[in-house]
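Colleague: Starting from these lines, generate the structure:
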Amino acid sequence: MTSKTLRSLFAFVLALVLAAGMFAAAQPTQAQEDVTIAPQACEEPGNLRMWVWDENWAKVIEQSIEDWKANYCPGAEVTLEVQPWGQYWDLLRTGGSDLPDVFNMSQTYFYFYASNGVLLNLQPYWDAAGVDTTTWGTGLVDPYRWGEDQDLYAGPVNWDTVAVYYNKDLFDAAGVAYPTAEWTWDDFAAAAETLTDPENDVYGALAYVEFQAGYPNWIAATGTTPIVEAGRARCTLEDPGSLEALNYLKGLYDAGYMPSVSIVGGSNADDAFNFFASGKVAMVTGGSWKLPAAEESLTFNWDVVQLPRNPETGRSRSILHAVGYVASANTPNPDLAANLILYLVSDEGQTFFAEAGGVAPANPNPALQEMWMGSFAEGHNVQAFVDATVDSQGVTVFDEIWDKINTELVVKIFDQNVPVEEAVAEACEFINTQLPEKAE
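Modeller: From the prediction side, this is the model:
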(Lines give C-alpha, C1' and ligand atoms only; values in the text may rest on other atoms or scores of the structure.)
Protein backbone atom coordinates (compact mmCIF):
# COMPACT_ATOMS: atom_id res chain seq x y z
CA MET A 1 0.00 0.00 0.00
CA THR A 2 1.46 3.37 -0.96
CA SER A 3 1.80 6.22 1.52
CA LYS A 4 -0.74 8.34 -0.35
CA THR A 5 -3.22 5.48 -0.31
CA LEU A 6 -2.61 4.92 3.39
CA ARG A 7 -3.23 8.57 4.23
CA SER A 8 -6.33 8.65 2.05
CA LEU A 9 -7.68 5.57 3.85
CA PHE A 10 -7.09 7.13 7.26
CA ALA A 11 -8.76 10.37 6.19
CA PHE A 12 -11.72 8.59 4.60
CA VAL A 13 -12.43 6.42 7.62
CA LEU A 14 -12.15 9.29 10.05
CA ALA A 15 -14.33 11.50 7.87
CA LEU A 16 -17.08 8.87 7.95
CA VAL A 17 -16.91 8.66 11.73
CA LEU A 18 -16.90 12.43 12.22
CA ALA A 19 -19.78 12.86 9.80
CA ALA A 20 -21.81 10.41 11.83
CA GLY A 21 -21.12 12.45 14.96
CA MET A 22 -19.91 9.37 16.79
CA PHE A 23 -16.13 9.79 16.91
CA ALA A 24 -15.64 8.20 20.30
CA ALA A 25 -18.46 5.71 20.29
CA ALA A 26 -18.62 4.53 16.70
CA GLN A 27 -18.60 0.80 16.08
CA PRO A 28 -15.20 0.09 14.46
CA THR A 29 -14.94 -1.20 10.94
CA GLN A 30 -11.94 -3.27 9.95
CA ALA A 31 -10.31 -0.15 8.50
CA GLN A 32 -10.89 1.77 11.75
CA GLU A 33 -9.31 -1.02 13.78
CA ASP A 34 -6.16 -0.49 11.73
CA VAL A 35 -5.92 3.11 12.95
CA THR A 36 -3.68 3.35 16.02
CA ILE A 37 -4.20 7.03 16.93
CA ALA A 38 -6.95 9.03 15.26
CA PRO A 39 -7.02 12.83 15.00
CA GLN A 40 -10.04 14.94 15.89
CA ALA A 41 -11.48 18.15 14.52
CA CYS A 42 -10.58 21.20 16.60
CA GLU A 43 -13.39 22.90 18.48
CA GLU A 44 -12.32 26.39 17.50
CA PRO A 45 -9.49 27.65 15.27
CA GLY A 46 -6.94 30.16 16.47
CA ASN A 47 -3.27 31.11 16.25
CA LEU A 48 -0.31 29.07 17.51
CA ARG A 49 3.44 29.56 17.54
CA MET A 50 5.61 26.44 17.28
CA TRP A 51 9.37 25.87 17.64
CA VAL A 52 11.52 23.05 16.28
CA TRP A 53 15.32 22.76 16.11
CA ASP A 54 15.76 20.78 12.89
CA GLU A 55 15.26 22.34 9.45
CA ASN A 56 14.50 19.01 7.79
CA TRP A 57 11.94 18.19 10.44
CA ALA A 58 10.41 21.62 10.00
CA LYS A 59 9.70 20.88 6.34
CA VAL A 60 7.93 17.64 7.24
CA ILE A 61 6.02 19.16 10.16
CA GLU A 62 4.92 22.05 7.97
CA GLN A 63 3.31 19.58 5.58
CA SER A 64 1.55 17.91 8.51
CA ILE A 65 0.29 21.25 9.79
CA GLU A 66 -1.13 22.18 6.39
CA ASP A 67 -3.00 18.87 6.33
CA TRP A 68 -4.31 19.49 9.86
CA LYS A 69 -5.53 22.95 8.90
CA ALA A 70 -7.21 21.72 5.73
CA ASN A 71 -8.95 18.66 7.18
CA TYR A 72 -9.34 19.20 10.92
CA CYS A 73 -8.99 22.88 11.80
CA PRO A 74 -9.85 25.26 8.93
CA GLY A 75 -9.02 28.83 9.81
CA ALA A 76 -6.21 27.95 12.22
CA GLU A 77 -2.80 29.55 11.76
CA VAL A 78 0.55 28.18 12.94
CA THR A 79 3.78 30.15 12.85
CA LEU A 80 6.50 27.51 12.62
CA GLU A 81 9.98 28.71 13.63
CA VAL A 82 13.33 26.89 13.47
CA GLN A 83 15.66 27.68 16.36
CA PRO A 84 19.05 26.03 15.78
CA TRP A 85 20.05 23.37 18.31
CA GLY A 86 23.00 25.44 19.54
CA GLN A 87 20.69 28.13 20.91
CA TYR A 88 17.36 26.30 21.20
CA TRP A 89 17.60 25.38 24.88
CA ASP A 90 19.05 28.70 25.96
CA LEU A 91 16.16 30.49 24.26
CA LEU A 92 13.62 28.21 25.95
CA ARG A 93 15.20 28.66 29.39
CA THR A 94 15.11 32.43 29.08
CA GLY A 95 11.66 32.50 27.51
CA GLY A 96 9.81 32.69 30.81
CA SER A 97 6.08 33.09 30.21
CA ASP A 98 6.71 33.83 26.53
CA LEU A 99 7.35 30.22 25.52
CA PRO A 100 5.98 29.09 22.15
CA ASP A 101 2.58 27.41 22.32
CA VAL A 102 3.98 24.11 21.01
CA PHE A 103 7.62 23.05 20.85
CA ASN A 104 9.89 20.04 20.50
CA MET A 105 11.26 18.49 23.69
CA SER A 106 14.08 16.01 24.38
CA GLN A 107 13.86 13.37 27.09
CA THR A 108 17.18 14.67 28.39
CA TYR A 109 15.71 18.11 29.14
CA PHE A 110 12.12 17.25 30.10
CA TYR A 111 12.67 17.14 33.88
CA PHE A 112 13.78 20.79 34.02
CA TYR A 113 10.64 22.07 32.32
CA ALA A 114 8.22 19.73 34.07
CA SER A 115 9.66 20.49 37.51
CA ASN A 116 9.27 24.21 36.84
CA GLY A 117 5.61 23.81 35.94
CA VAL A 118 5.84 25.36 32.48
CA LEU A 119 4.39 22.44 30.47
CA LEU A 120 0.74 21.75 29.73
CA ASN A 121 -0.55 18.44 31.10
CA LEU A 122 -1.74 16.59 27.99
CA GLN A 123 -3.21 13.60 29.86
CA PRO A 124 -6.78 14.99 29.93
CA TYR A 125 -6.59 15.44 26.17
CA TRP A 126 -5.25 11.92 25.60
CA ASP A 127 -8.10 10.60 27.73
CA ALA A 128 -10.74 12.66 25.94
CA ALA A 129 -9.46 11.41 22.56
CA GLY A 130 -9.46 7.80 23.73
CA VAL A 131 -5.69 7.42 23.35
CA ASP A 132 -4.14 4.62 25.38
CA THR A 133 -0.77 6.15 26.23
CA THR A 134 0.81 2.71 26.69
CA THR A 135 0.38 2.29 22.92
CA TRP A 136 3.76 3.89 22.35
CA GLY A 137 5.78 1.56 24.56
CA THR A 138 7.77 2.33 27.68
CA GLY A 139 10.89 3.91 26.23
CA LEU A 140 9.05 6.45 24.11
CA VAL A 141 6.83 7.96 26.78
CA ASP A 142 7.87 7.00 30.32
CA PRO A 143 10.50 9.77 30.52
CA TYR A 144 7.71 12.24 29.60
CA ARG A 145 5.44 11.26 32.48
CA TRP A 146 5.15 13.53 35.48
CA GLY A 147 3.36 13.87 38.83
CA GLU A 148 1.82 11.41 41.25
CA ASP A 149 -0.43 9.98 38.56
CA GLN A 150 2.39 9.83 35.99
CA ASP A 151 0.41 11.85 33.46
CA LEU A 152 1.84 12.06 29.96
CA TYR A 153 2.97 15.60 29.11
CA ALA A 154 4.32 14.95 25.59
CA GLY A 155 3.39 13.28 22.34
CA PRO A 156 6.37 11.41 20.85
CA VAL A 157 7.67 12.48 17.45
CA ASN A 158 10.17 9.77 16.61
CA TRP A 159 12.35 7.04 18.08
CA ASP A 160 15.81 5.67 17.72
CA THR A 161 17.01 2.41 19.25
CA VAL A 162 20.22 0.41 19.50
CA ALA A 163 21.13 -2.98 18.07
CA VAL A 164 24.27 -4.88 17.07
CA TYR A 165 25.80 -4.22 13.65
CA TYR A 166 27.94 -7.16 12.59
CA ASN A 167 30.46 -7.86 9.85
CA LYS A 168 29.18 -10.92 8.01
CA ASP A 169 32.48 -11.39 6.18
CA LEU A 170 34.35 -11.77 9.47
CA PHE A 171 31.68 -14.17 10.76
CA ASP A 172 32.01 -16.25 7.59
CA ALA A 173 35.80 -16.31 7.76
CA ALA A 174 35.72 -17.48 11.38
CA GLY A 175 32.98 -20.04 10.74
CA VAL A 176 30.65 -18.41 13.28
CA ALA A 177 26.89 -18.64 12.75
CA TYR A 178 25.11 -15.31 12.40
CA PRO A 179 23.39 -14.14 15.59
CA THR A 180 19.61 -14.23 16.04
CA ALA A 181 17.10 -12.32 18.15
CA GLU A 182 17.25 -15.12 20.74
CA TRP A 183 21.00 -14.99 21.41
CA THR A 184 22.23 -14.35 24.95
CA TRP A 185 25.12 -12.59 26.64
CA ASP A 186 26.88 -15.97 26.72
CA ASP A 187 26.43 -16.34 22.96
CA PHE A 188 27.76 -12.80 22.43
CA ALA A 189 30.84 -13.53 24.54
CA ALA A 190 31.51 -16.83 22.75
CA ALA A 191 31.22 -15.16 19.35
CA ALA A 192 33.47 -12.28 20.46
CA GLU A 193 36.12 -14.77 21.56
CA THR A 194 36.07 -16.73 18.30
CA LEU A 195 35.98 -13.62 16.14
CA THR A 196 38.96 -12.00 17.86
CA ASP A 197 42.06 -12.33 15.68
CA PRO A 198 45.10 -10.69 17.37
CA GLU A 199 47.43 -11.44 14.45
CA ASN A 200 45.31 -9.25 12.18
CA ASP A 201 44.36 -6.70 14.87
CA VAL A 202 40.70 -7.72 14.67
CA TYR A 203 38.52 -7.60 17.77
CA GLY A 204 35.36 -9.56 18.33
CA ALA A 205 33.23 -6.77 19.78
CA LEU A 206 32.93 -3.13 20.77
CA ALA A 207 29.97 -2.53 23.08
CA TYR A 208 30.82 -0.12 25.87
CA VAL A 209 30.81 3.35 24.31
CA GLU A 210 28.77 6.44 25.25
CA PHE A 211 25.38 6.50 26.90
CA GLN A 212 22.77 5.52 24.34
CA ALA A 213 24.81 3.21 22.12
CA GLY A 214 26.90 1.53 24.78
CA TYR A 215 27.03 0.09 28.28
CA PRO A 216 23.63 1.38 29.55
CA ASN A 217 21.83 -1.04 27.19
CA TRP A 218 23.42 -3.91 29.09
CA ILE A 219 22.42 -2.38 32.43
CA ALA A 220 18.83 -1.96 31.21
CA ALA A 221 18.70 -5.67 30.27
CA THR A 222 19.16 -6.56 33.95
CA GLY A 223 16.01 -4.61 34.84
CA THR A 224 17.97 -1.71 36.33
CA THR A 225 17.34 1.85 35.12
CA PRO A 226 20.75 3.02 33.88
CA ILE A 227 22.67 5.77 35.66
CA VAL A 228 19.80 7.55 37.46
CA GLU A 229 16.25 6.58 38.27
CA ALA A 230 13.39 8.46 36.66
CA GLY A 231 12.72 11.69 38.52
CA ARG A 232 16.44 11.96 39.27
CA ALA A 233 15.90 10.14 42.54
CA ARG A 234 19.31 8.49 42.89
CA CYS A 235 22.38 7.17 41.10
CA THR A 236 21.98 3.51 40.11
CA LEU A 237 25.51 2.74 38.95
CA GLU A 238 26.29 0.90 42.19
CA ASP A 239 23.16 -1.29 41.96
CA PRO A 240 23.72 -5.03 41.40
CA GLY A 241 22.37 -4.87 37.84
CA SER A 242 24.76 -2.08 36.88
CA LEU A 243 27.73 -3.90 38.39
CA GLU A 244 26.72 -7.13 36.65
CA ALA A 245 26.56 -5.45 33.24
CA LEU A 246 29.72 -3.40 33.59
CA ASN A 247 31.74 -6.31 34.95
CA TYR A 248 30.49 -8.48 32.08
CA LEU A 249 31.73 -5.92 29.55
CA LYS A 250 34.94 -5.38 31.51
CA GLY A 251 35.52 -9.15 31.36
CA LEU A 252 35.33 -9.09 27.56
CA TYR A 253 37.72 -6.15 27.51
CA ASP A 254 40.17 -7.78 29.92
CA ALA A 255 40.14 -10.95 27.81
CA GLY A 256 41.24 -8.91 24.78
CA TYR A 257 37.96 -9.32 22.87
CA MET A 258 37.26 -5.56 22.88
CA PRO A 259 39.69 -2.72 22.07
CA SER A 260 40.56 0.08 24.49
CA VAL A 261 39.28 3.63 24.10
CA SER A 262 42.77 4.66 22.99
CA ILE A 263 42.82 2.08 20.22
CA VAL A 264 39.31 3.05 19.08
CA GLY A 265 40.29 6.71 19.07
CA GLY A 266 37.52 7.99 21.32
CA SER A 267 34.63 7.02 23.57
CA ASN A 268 31.62 8.15 21.58
CA ALA A 269 29.29 6.26 19.26
CA ASP A 270 30.76 7.79 16.09
CA ASP A 271 34.24 6.65 17.11
CA ALA A 272 32.94 3.12 17.64
CA PHE A 273 31.08 3.01 14.33
CA ASN A 274 34.09 4.35 12.43
CA PHE A 275 36.24 1.63 14.01
CA PHE A 276 33.66 -0.94 12.86
CA ALA A 277 33.70 0.57 9.36
CA SER A 278 37.48 0.07 9.23
CA GLY A 279 36.92 -3.71 9.43
CA LYS A 280 38.78 -4.02 12.73
CA VAL A 281 35.86 -5.26 14.84
CA ALA A 282 33.24 -7.88 14.10
CA MET A 283 30.36 -6.56 16.22
CA VAL A 284 29.51 -3.06 17.40
CA THR A 285 26.50 -1.67 19.25
CA GLY A 286 25.04 1.23 17.27
CA GLY A 287 21.89 3.22 16.79
CA SER A 288 19.25 3.19 14.09
CA TRP A 289 20.49 6.67 13.20
CA LYS A 290 23.59 5.00 11.73
CA LEU A 291 21.66 3.06 9.09
CA PRO A 292 22.13 5.67 6.33
CA ALA A 293 25.88 5.81 7.05
CA ALA A 294 26.06 2.01 7.06
CA GLU A 295 24.38 1.75 3.67
CA GLU A 296 26.58 4.47 2.23
CA SER A 297 30.00 3.73 3.67
CA LEU A 298 30.41 0.08 4.71
CA THR A 299 32.45 -1.85 2.15
CA PHE A 300 31.83 -5.33 3.56
CA ASN A 301 28.76 -7.50 3.98
CA TRP A 302 26.91 -6.55 7.16
CA ASP A 303 23.63 -6.93 8.96
CA VAL A 304 21.87 -5.98 12.18
CA VAL A 305 20.48 -8.03 15.07
CA GLN A 306 18.82 -7.15 18.36
CA LEU A 307 21.00 -6.83 21.43
CA PRO A 308 21.62 -10.17 23.16
CA ARG A 309 19.40 -11.22 26.05
CA ASN A 310 20.50 -11.20 29.65
CA PRO A 311 20.65 -14.90 30.64
CA GLU A 312 18.79 -14.32 33.93
CA THR A 313 16.08 -11.83 32.92
CA GLY A 314 15.76 -13.02 29.32
CA ARG A 315 15.51 -9.39 28.25
CA SER A 316 17.10 -7.56 25.34
CA ARG A 317 16.54 -3.92 26.29
CA SER A 318 17.62 -1.03 24.11
CA ILE A 319 18.07 2.55 25.23
CA LEU A 320 15.47 4.48 23.25
CA HIS A 321 15.34 8.22 22.77
CA ALA A 322 12.21 9.94 21.49
CA VAL A 323 11.77 13.62 20.79
CA GLY A 324 8.37 14.85 21.93
CA TYR A 325 5.83 17.56 21.16
CA VAL A 326 4.92 19.58 24.26
CA ALA A 327 2.80 22.67 24.89
CA SER A 328 3.35 25.63 27.15
CA ALA A 329 1.26 25.74 30.34
CA ASN A 330 0.73 29.45 29.60
CA THR A 331 -0.53 29.08 26.05
CA PRO A 332 -3.72 31.13 25.53
CA ASN A 333 -5.03 28.28 23.32
CA PRO A 334 -4.41 25.05 25.27
CA ASP A 335 -7.21 23.11 23.57
CA LEU A 336 -5.95 24.09 20.14
CA ALA A 337 -2.33 23.30 21.03
CA ALA A 338 -3.33 19.86 22.33
CA ASN A 339 -5.43 19.23 19.22
CA LEU A 340 -2.47 20.01 16.97
CA ILE A 341 -0.23 17.68 18.96
CA LEU A 342 -2.87 14.94 18.75
CA TYR A 343 -2.86 15.32 14.98
CA LEU A 344 0.94 15.37 14.72
CA VAL A 345 1.23 12.04 16.59
CA SER A 346 -1.73 10.44 14.83
CA ASP A 347 -1.48 7.92 12.02
CA GLU A 348 -2.23 10.66 9.49
CA GLY A 349 0.20 13.20 10.90
CA GLN A 350 2.99 10.66 11.26
CA THR A 351 2.57 9.49 7.68
CA PHE A 352 4.53 12.53 6.59
CA PHE A 353 7.49 11.46 8.76
CA ALA A 354 7.26 7.88 7.51
CA GLU A 355 7.29 9.08 3.91
CA ALA A 356 10.30 11.30 4.48
CA GLY A 357 12.52 8.44 5.67
CA GLY A 358 15.49 9.11 7.95
CA VAL A 359 13.99 9.25 11.43
CA ALA A 360 11.47 6.61 12.43
CA PRO A 361 7.92 7.76 13.23
CA ALA A 362 6.91 7.24 16.85
CA ASN A 363 3.40 6.03 16.00
CA PRO A 364 3.60 2.21 16.21
CA ASN A 365 1.12 1.50 13.43
CA PRO A 366 2.79 -1.37 11.48
CA ALA A 367 1.98 0.27 8.15
CA LEU A 368 3.92 3.38 9.19
CA GLN A 369 6.87 1.36 10.43
CA GLU A 370 6.88 -0.62 7.17
CA MET A 371 6.91 2.66 5.28
CA TRP A 372 9.94 3.83 7.27
CA MET A 373 11.77 0.53 6.81
CA GLY A 374 11.05 0.71 3.11
CA SER A 375 13.18 3.85 2.87
CA PHE A 376 16.27 1.64 3.28
CA ALA A 377 17.72 -0.83 0.83
CA GLU A 378 16.52 -4.41 1.14
CA GLY A 379 18.76 -7.12 2.53
CA HIS A 380 19.32 -5.81 6.05
CA ASN A 381 17.37 -6.63 9.19
CA VAL A 382 16.09 -3.10 9.89
CA GLN A 383 13.18 -4.77 11.68
CA ALA A 384 15.57 -5.36 14.61
CA PHE A 385 15.41 -1.68 15.49
CA VAL A 386 11.60 -1.68 15.36
CA ASP A 387 11.43 -4.80 17.54
CA ALA A 388 13.70 -3.10 20.06
CA THR A 389 11.08 -0.42 20.74
CA VAL A 390 8.71 -2.86 22.45
CA ASP A 391 10.72 -3.42 25.64
CA SER A 392 12.93 -0.35 25.74
CA GLN A 393 14.46 2.00 28.28
CA GLY A 394 13.88 5.73 27.81
CA VAL A 395 16.50 8.34 28.62
CA THR A 396 16.56 9.55 32.24
CA VAL A 397 20.03 11.12 32.34
CA PHE A 398 20.66 14.82 31.90
CA ASP A 399 23.26 17.29 30.66
CA GLU A 400 24.90 18.09 33.97
CA ILE A 401 26.25 14.53 34.31
CA TRP A 402 26.84 13.82 30.62
CA ASP A 403 30.64 14.14 30.55
CA LYS A 404 31.01 12.12 33.75
CA ILE A 405 29.11 9.12 32.37
CA ASN A 406 29.94 9.39 28.66
CA THR A 407 33.65 9.98 28.83
CA GLU A 408 35.16 9.72 32.29
CA LEU A 409 33.47 6.49 33.36
CA VAL A 410 34.12 4.78 30.02
CA VAL A 411 37.77 5.85 29.90
CA LYS A 412 38.45 4.80 33.49
CA ILE A 413 37.03 1.28 32.99
CA PHE A 414 37.92 0.57 29.36
CA ASP A 415 41.21 2.40 28.99
CA GLN A 416 42.78 3.05 32.40
CA ASN A 417 41.78 -0.35 33.84
CA VAL A 418 40.16 1.15 36.93
CA PRO A 419 38.05 -1.52 38.70
CA VAL A 420 34.33 -1.18 37.96
CA GLU A 421 33.36 -0.76 41.60
CA GLU A 422 35.86 2.07 42.09
CA ALA A 423 34.88 3.85 38.87
CA VAL A 424 31.14 3.78 39.56
CA ALA A 425 31.61 4.88 43.17
CA GLU A 426 33.43 7.97 41.98
CA ALA A 427 30.80 8.64 39.30
CA CYS A 428 27.91 8.29 41.76
CA GLU A 429 29.63 10.59 44.25
CA PHE A 430 29.49 13.35 41.63
CA ILE A 431 26.05 12.44 40.25
CA ASN A 432 24.53 12.63 43.73
CA THR A 433 25.57 16.27 43.99
CA GLN A 434 23.46 16.98 40.89
CA LEU A 435 20.26 15.32 42.11
CA PRO A 436 17.46 17.51 43.51
CA GLU A 437 17.29 15.90 46.96
CA LYS A 438 21.04 16.02 47.45
CA ALA A 439 22.12 19.16 45.65
CA GLU A 440 23.64 21.77 47.95
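
Colleague: can you pull out the helices in the stretch 101-250 of the chain?
Modeller: 110-115, 123-128, 138-141, 168-174, 185-195, 216-221, 240-254 (DSSP state H, counting those that start in this stretch).

Colleague: If you count neighbours, what's buried in the longest one?
Modeller: Of the residues in helix 240-254, those buried by neighbour count under the rule 16 or more other CB atoms under 10 Å are 241-246, 248-250, 252-253. All C-beta spots, glycine's among them, are computed from the backbone N, C-alpha and C.

Colleague: between the residues you listed, which is nearest E421?
Modeller: Checking the buried residues of helix 240-254 against E421 with CB to CB, the nearest one is L243 at 6.8 Å.

Colleague: Mind putting the helices of the stretch 101-250 of the chain into JSON lines with distance to S328 and mean pLDDT?
Modeller: Converted to JSON lines, those look like this (distance: least, CB to CB, whole Å; pLDDT from 0 to 100):
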{"stretch": "helix 110-115", "distance to S328": "9", "mean pLDDT": "93"}
{"stretch": "helix 123-128", "distance to S328": "14", "mean pLDDT": "98"}
{"stretch": "helix 138-141", "distance to S328": "19", "mean pLDDT": "93"}
{"stretch": "helix 168-174", "distance to S328": "49", "mean pLDDT": "98"}
{"stretch": "helix 185-195", "distance to S328": "45", "mean pLDDT": "98"}
{"stretch": "helix 216-221", "distance to S328": "31", "mean pLDDT": "98"}
{"stretch": "helix 240-254", "distance to S328": "36", "mean pLDDT": "98"}
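
Colleague: okay, the ones you listed, which one's buried deepest?
Modeller: A comparison of these by mean neighbour count, using mean count of other CB atoms under 10 Å, puts helix 216-221 on top with a mean of 28.

Colleague: Make sure I have this right: V326 is in a strand.
Modeller: Yes. Residue state for V326 (DSSP: H, G, I helix; E, B strand; the rest coil) corresponds to a strand.

Colleague: wouldn't it be in contact with Y153 here?
Modeller: Yes. Under the criterion of CB atoms under 8 Å, V326 makes contact with Y153 at 6.1 Å.

Colleague: what touches both of the two?
Modeller: The overlap between the contact sets of V326 and Y153 (CB atoms under 8 Å, 6 or more residues apart in numbering) consists of 110, 119-120, 122, 144.

Colleague: May I see the residues you listed organised as CSV, with distance to M258 added?
Modeller: What follows is the shared contacts of V326 and Y153, written out as CSV (distance: CB to CB, whole Å):
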residue, distance to M258
F110, 33
L119, 41
L120, 45
L122, 43
Y144, 34
